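> my questions concern the predicted model and sequence given below.
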Amino acid sequence: ECIRINLGKFAGSGFAKPKKKAAPVSHSVEVENDFVESELGSGFQKIIGLTRIVPVINGGKTLGFKVFNIRSKLMKKIGFRSGDVITMVNDISMRDPSKGFALFQALEEETDLKVKLLRKDKPYTIKIRIE
């Protein structure tokens, strides 16, 4: 036995598939300067020990820096997720392997940051304000 249902005119009455909500493409966060300073540690030593950031290389070119094993309260509060690939910090491209510490330097020196990244291979932006 088989039941065939034609939703046709009933599609809007709760029988239709629910539409997927679009994933957000950015978020903003505010953090206190004292908290940032205590979480970075002297010479970034504290945060380096609590978060892994490694270059992502494809075809011999650096695409950015992948964040994983996040145990830093600061990185969690900012909203980083394991697997995020940081591609730009303010106007600094992370395609240059020597710029691996650009995020930490910006957190130490700037009050407004814009971090562009890839989250699950899709563009995502985190805006950070340090007060």
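Looks like it came in fine.
> now the strands for this structure?
Assigned by DSSP state E, the chain shows strands spanning 26-31, 52-58, 61-68, 85-89, 92-93, 112-119, 122-130.
> ranking the ones you listed by burial, who's on top?
Burial of these is given as mean neighbour count (mean count of other C-beta atoms under 10 Å); strand 85-89 ranks first at a mean of 21. C-betas here are computed from N, CA, C, even on glycine.
> who does that one touch, helix- and strand-wise?
strand 61-68, helix 102-109, strand 112-119 (3 or more C-beta pairs under 8 Å, 6 or more residues apart in numbering; DSSP states H and E).
> between it and strand 112-119, how many degrees?
150 degrees (axes from the mean of the first three to the mean of the last three C-alpha atoms, to 10 degrees).
> strand partners (parallel or antiparallel) of strand 85-89?
strand 61-68 (antiparallel), strand 92-93 (antiparallel), strand 112-119 (antiparallel) (DSSP bridges).
> centroid residue for the chain?
F80 (4.3 Å; C-alpha atoms, centre = their mean).
> any weak-confidence spans in this protein?
1-18 (pLDDT under 70).
> tally of neighbours for K120?
10 (other C-beta atoms under 10 Å).
> got it, and E131?
10.
> separation between I57 and P123?
Here I57 is placed at a distance of 20 Å from P123 (C-beta to C-beta, to the nearest Å).
> quick one: which of the strands of the chain is nearest E37?
strand 122-130 (9.5 Å; C-beta to C-beta).
> mind giving me TSV with the strands of the chain and columns for distance to S42?
Below are the strands of the chain laid out as TSV (distance: least, C-beta to C-beta, whole Å):
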stretch	distance to S42
strand 26-31	19
strand 52-58	18
strand 61-68	21
strand 85-89	21
strand 92-93	23
strand 112-119	21
strand 122-130	18
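> wait, which of the ones you listed is closest to L103?
strand 85-89 (5.0 Å).
> give me the angle between that closest one and strand 122-130.
Between strand 85-89 and strand 122-130, the angle comes out at 50 degrees (the same axes, to 10 degrees).
> roughly how far out does strand 85-89 sit from the chain middle?
Put simply, strand 85-89 sits 8 Å off its chain's centre (C-alpha atoms, centre = their mean, to the nearest Å).
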